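> fold the following for me, if possible:
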Amino acid sequence: MRKVLLTFWEIGEIFLIAFVGVAVIKYFFVQPFIVNGASMEPNFYDGDYLLVDEISYRFGQPARGDVVVFRSPQDPSTYYIKRIIGLPHEKVEVKDNKIKIYNQEHPEGFYIQEPYLSNLRNSWSGEAIFSLKDNQYFVMGDNRANSLDSRYWGPLNKEAIVGLVRLRLWPITNVKLFERVSYNF
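Numbering: from 1, shown residues only. Below you'll find the predicted structure:
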């Protein structure tokens, strides 16, 4: 009888350790996220199941091209997924479907090339100009014609960023590990 009780205690202990381990990982390191909407097509589709790295930005800064999940500046209970285009202390100009960045290294500005965009989804007839301050980022959806982003509600504060998209787990036929995009200036 004592051996049976010990076995139940050991099984309970294993489940408790597993539960605590999963909870710690979920709440401090990796967060699941399901894409809702078409604003990031053709790179992310409605229903994609992603894992978001919550720890990288505690030790480093977001970079241009990173795909991030963040709390909406308009409604903190809503989460968005967008791509970082502009960095702190830069001026971002969006005009004629082109993005020009002005910064200390390029005071005359440079246009960013975005090979991850589809020409069909890169059309937007508006204009936007923003000057970013400390800890502010300019984010845009990859489906520019169908994305509410910094062009509409302004710069995104770093505090709103939940984390960096690292891995797509679903659909299983489209599993992918995401790496940082490199831009040629």
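> check contacts around residue 176.
By Cβ atoms under 8 Å, 6 or more residues apart in numbering, the contact list for residue 176 reads 167, 168. Any C-beta I mention is one placed from the backbone N, CA and C, and that applies to glycine too.
> who does it bridge with?
Assessed by DSSP bridges, residue 176 has beta-bridge partners residue 168.
> contacts only, for residue 109.
91, 93, 100, 101, 102.
> what about the first one, neighbour count?
Look at residue 91: counted by other Cβ atoms under 10 Å, it has 16 neighbours.
> helices along the chain, start to end?
Secondary structure of the chain (DSSP state H): helices at 2-28, 56-59, 150-153.
> distance-wise, check residue 160 relative to residue 57.
Residue 160 is 11 Å from residue 57, where distance means Cβ to Cβ, to the nearest Å.
> kindly report the same for residue 95.
Residue 95 is 30 Å from residue 57, where distance means Cβ to Cβ.
> residue 160: neighbour count?
Using other Cβ under 10 Å, residue 160 is surrounded by 18 other residues.
> quick one: it and residue 68 touch, right?
No - judged on Cβ atoms under 8 Å, residue 160 makes no contact with residue 68 at a distance of 9.3 Å.
> what's the closest non-adjacent residue to residue 164?
residue 53 (4.6 Å; Cβ to Cβ, 6 or more residues apart in numbering).
> show me where the protein has strands.
30-34, 49-53, 67-71, 79-86, 91-95, 98-102, 110-111, 128-131, 136-140, 156-157, 161-170, 176-177 (DSSP state E).
> looking at those strands, spot the one closest to residue 147.
strand 136-140 (6.4 Å; Cβ to Cβ).
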